[in-house]
Structures are given as structure tokens and as C-alpha cells.
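Novice: what's the 3D shape of this:
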Amino acid sequence: MGDESTPERRRHFRGKARAGRRIRVRYRARGSESWLPAETRNIGIGGAFILGAELAVKSEIDMEIDVAGREAPLRLGGEVRWCADGNGSDPVGIGVQFLDVDIDVLLELNSYLATLTGTEGGET
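Specialist: Prediction:
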């Protein structure tokens, strides 16, 4: 069962964003030294919407999520795919697609998201 469990887990991966879920994160434009605190509105293994963030489309970012019981934060890299200026139905923020993230990090993120109920980091 050892070698077969990983492919089985991958088949059950939920790639859909978890609508409404707010999780505290840190992010920075790739190459920047400064981490900025933020929270997500929707997050899944494919990406996240980071509330209040303002970066240009195609900007590369690093994002960290603190996970209880884990010594170091989960680190995910991604690219800004779209921006919201707050004038439409979305608040100010950026839509980020996670890229080149190790499968083990995605599995851990998915497991962490499955443990959460409702919102983390405050109500909408």
C-alpha cells in the first residue's frame, strides 16, 4: 500500500478554490526583501486571491502560510494572473496561480485546508 497511497491521494486532490476562506498569509514580489501581511479570500491548491495586494499581472511572488504543528511556514511561489481594483464585484487584490510548487507542499496545503472550518483570520 505504501507506493500506491500517493497516486491515490493525488486522484482525490481538490483543485477548486475554497470560496470565502480567509487565511492569514505573507507575500512579497520575487526579489523583494520585504514580506507583507495579508489574507486570502479564496485559496486552493491551484492558487489564491490575496486581498489588498497590488502587483502587476505577470509579477512573480512568494507566499508563506503558517500551519499549526509545522516548524517552518509553507512556502509557495506563483504568478499574478489578474488584478482587481475594487471597482467591480471583487475587492482590491490579486489572483495568483501557484507555479512550480513541490507536490508534497501542495499535498500538505490541501490537508491543511481540509482541517479548516469556515474562515480563518476573521470574518468577511
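Novice: And the pLDDT at Gly78?
Specialist: Confidence at Gly78, expressed as pLDDT, is 97.
Novice: Would you enumerate the residues in contact with it?
Specialist: By C-beta atoms under 8 Å, 6 or more residues apart in numbering, the contact set of Gly78 is Gly47, Ala48, Glu60, Ile61, Met63, Val96, Gln97, Phe98, Leu99, Val101. All C-beta spots, glycine's among them, are computed from the backbone N, C-alpha and C.
Novice: Where does the fourth one sit: helix, strand or coil?
Specialist: Same thing as Ile61. strand (DSSP: H, G, I helix; E, B strand; the rest coil).
Novice: In this structure, which strand is the longest?
Specialist: Across the chain, the longest stretch assigned as strand under DSSP state E is strand 74-84.
Novice: Buried residues of whatever helix or strand comes next after that strand, list them for me.
Specialist: Using DSSP states H and E, the helix or strand that follows strand 74-84 in sequence is strand 93-98. By 16 or more other C-beta atoms under 10 Å, the buried positions in strand 93-98 come out as Gly93, Ile94, Gly95, Val96, Phe98.
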